[in-house]
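Novice: Got a predicted model here, sequence first, then my questions.
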Amino acid sequence: MNKDYIIEQLKKQIEGFEAKAATEKVGTVSEIGDGIARITGLSDALASEMLEFENGAVGVALNLEEDRVGAMILGEYKNIKEGDTVKSTGKILSVPVGENFIGRVIDPLGAPLDGKGEIKSDKFYPIEKIAPGVITRKSVHQPVQTGIKAIDAMIPIGRGQRELIIGDRQTGKTAIAIDAIINQKGQSMKCIYVAIGQKESKVARIVAELEARGAMEYTTVIVAGASDSAPLSFIAPYSGCALGEYFMDKGEDVLIVYDDLSRHAWAYRQISLILRRPPGREAYPGDIFYLHSRLLERSAKLSEEFGGGSITALPIIETQAGDVSAYIPTNVISITDGQIYLEADLFYKGIRPALNVGISVSRVGSAAQIKAMKKVAGKLRLDVAQFRELEAFAQFGSDLDEKTRTQIERGKRTIEILKQGQYEPMAVENQVAIIYAVTNGFLDDVAVEKVSQWENDFHKYLKSSQKEVLSLIAEKKELSDDVVAKLEKAIGEFKEVYQNGE
Amino acid sequence: MRITAQQYAQSLYEATKGKSQNEVGGLVEKFTQVLAKNSQLRLKDSIIKKFGSIYNQKNGIVEAEVTSREELEEDVRKYVRTYVMTRYGAKETVLVEKVDKSIGGGVIVRVGDEVMDGSVERQLVELKNILTK
């Protein structure tokens, strides 16, 4: 590139430049603090309109009062001072969206945080958008494979569903969401992970893990860290959803994780209290329900005429000491299409993922399960439920009748099979094979403590010598008689090899 | 119920409307007594301000703040005056002139919370934004 060319380009740009002196509405900052500014003037500001401060910071008008406006400031507010002018822009707050955001770590306004350079995009989506209506939707019918046996079998999630992950701190909530993202490789799914008020160290660890497993190729991470201001935490899930909507409008499937919505509610509570909105239960403002319902309602499965895209949401809620009847948990439980309930007790017992199968439900997901899984899962659910009932008697081992004892023994092995390590998602055909094996008593003669070893070797065996069965399940997606026969034969052969080997 | 400065100013305007200079003097004195009785004297500054804007509004007077690099010449002043009159449909225009060396040139006209920024400074900023993009 020579310098004449550059000069020529500049000349062109300058010639094309036209300075228009249009009138604009301005206001003056009269009060500022804690990320909230009160502004006089701005007589025709709109609700949630974007405002521009003198130092380039962006604000959003939240409270419109008789002679002043209460606005939250996104980002740095330290060098905004009383008396600064504020311009209204006439636009609703929008964030840049596009393909270039895939594989990046960004802040809620779309600025890169990963040091990989500027992200180019020419499209903007408003962060608040009315959710798709009844006409544009279709009922959930395709599965999201999380790769976690207990979830895919008993609490299935469909594309377009909203499934809450709820539990105390340190029970593996994020682990489930991250496993689900990792398992989306090759499933034509775009993933968005929104970290709200999370420790930066935790986010860094997650990004490193996603990168190591090749999951960043289809994932965007949006971070509003614990040290970022409350307004950023507040808009983070909405801007994540806006990015998701961009892909949904293109007919693609999106999985979005909001980690977590309790912190989101805290951020909104802080903003509302500083804006002097009246506090309600647990000091949350009156519109806290709408805050989450309007966000989660934007997850949808669109019908074919509207592109057939979908947004599946996995919101996360952290409970305090297992209290699911607190304000925010009950709100979000009632909004979502089911919940995955994690318990600290189970976690310490070594049952990981620490799912409480009894109270975890998926209200729509079973319509999205593949037929093969549906068939084996019904039996599995029953086995687990019966085991839970009889578990208390397990300690009287010798006094029990034969039938009860076999049920307890079966149950123990089933629980053992449902255990799964972190970052070890499993393909659906393998899940079907192992669940078929356990529910049909093929593991009854394996000692409980050897079950996980048996399972490992079984999958290895299937992979090396019985590929045909696996691909048959994956393709046909149902357990017809011939598939069942082949599967049983494979299990029988494996048992022979395995027992002889020992 | 608490009475706001706006309401005080409004009622003062209505009470003094069409009254002669002498009557107004008496009315204002009574008005301040009422204020003192309600212990609302601290509102006096904002009441004066509000009264000014109500008076201007009712009488079609528009106050425009004009910022320029140097003192305005008479024909520019006239031009700005007619601009404000046509834009805001005012019968009379009061120009408050300000001199600010930092704007580079041109004028900034401010009426209420509406600003028409025709300064060289702003144009340079806009040009910079376009060239750096």
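Specialist: Right, received. Where do you want to start? As the structure is a computational prediction, the values presented were derived from the model and not from experiment. Numbering: from 1, shown residues only, chains lettered A, B, ... in the order given.

Novice: Okay, the nearest residue to residue A:304 once chain neighbours are set aside and chain B: tell me how far apart.
Specialist: Counting by CB to CB, 6 or more residues apart in numbering or on different chains, residue A:304 lies nearest to residue A:138, which is 7.5 Å off, once chain neighbours are set aside. C-beta: built from backbone N, CA, C; applies to glycine. Between residue A:138 and chain B the computed distance is 41 Å (CB to the nearest CB, to the nearest Å).

Novice: Pretty sure residue A:138 sits against residue A:307.
Specialist: No - the pair residue A:138 / residue A:307 is not scored as a contact, 10.9 Å apart, by CB atoms under 8 Å.

Novice: What does the pLDDT read for the residue nearest to residue A:304?
Specialist: At residue A:138, the pLDDT value in this model is 94.

Novice: Quick one: residues contacting it.
Specialist: A:160, A:301-304, A:308 (CB atoms under 8 Å, 6 or more residues apart in numbering or on different chains).

Novice: and it, how far is that from residue A:162?
Specialist: 15 Å (CB to CB, to the nearest Å).

Novice: buried set for the helix or strand containing residue A:372?
Specialist: For residue A:372, the host element (DSSP states H and E) is helix A:371-390. Buried positions in helix A:371-390, judged by neighbour count with 16 or more other CB atoms under 10 Å in any protein chain shown: A:372-377, A:379-380, A:383-384, A:386-387.

Novice: same check, this time on stretch B:42-57
Specialist: For stretch B:42-57, a neighbour-count test (16+ other CB under 10 Å) marks B:43, B:47, B:50-51, B:54 as buried.

Novice: Need phi/psi at the one residue in chain B that gets nearest to chain A.
Specialist: For chain B and chain A, the shortest gap (CB to the nearest CB) falls at residue B:113, measuring 3.5 Å. The phi/psi pair for residue B:113 (degrees, to the nearest 10) reads phi -110, psi 20.

Novice: same question, residue A:257
Specialist: Here residue A:257 shows phi and psi, under degrees, to the nearest 10, equal to phi -110, psi 120.

Novice: Hmm, it is touching residue A:314, no?
Specialist: Yes - contact criterion CB under 8 Å: residue A:257 and residue A:314 qualify, at 4.7 Å.

Novice: that older thread, output the contacting helices and strands for the helix holding residue A:372.
Specialist: helix A:149-154, helix A:402-418, helix A:428-439 (3 or more CB pairs under 8 Å, 6 or more residues apart in numbering or on different chains; DSSP states H and E).

Novice: Dump those into a markdown table; add mean neighbour count, distance to residue A:365 and mean pLDDT as well.
Specialist: Formatted as a markdown table, the helices and strands packed on helix A:371-390 follow (neighbours: other CB atoms under 10 Å in any protein chain shown; distance: least, CB to CB, whole Å; pLDDT from 0 to 100):
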| stretch | mean neighbour count | distance to residue A:365 | mean pLDDT |
| --- | --- | --- | --- |
| helix A:149-154 | 26 | 9 | 94 |
| helix A:402-418 | 18 | 17 | 90 |
| helix A:428-439 | 24 | 14 | 93 |
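
Novice: how about residue A:164, phi and psi?
Specialist: phi -80, psi 140.

Novice: Burial check on it, number of neighbours?
Specialist: Applying other CB atoms under 10 Å in any protein chain shown, we find 25 residues neighbouring residue A:164.

Novice: out of the helices and strands packed on helix A:371-390, nearest to chain B?
Specialist: Checking those against chain B by CB to the nearest CB gives helix A:149-154 as the closest, at 46.7 Å.

Novice: Relative to the whole chain's centre, how far out is the closest one?
Specialist: On the basis of CA atoms, centre = their mean, to the nearest Å, helix A:149-154 sits 17 Å off its chain's mean C-alpha point.
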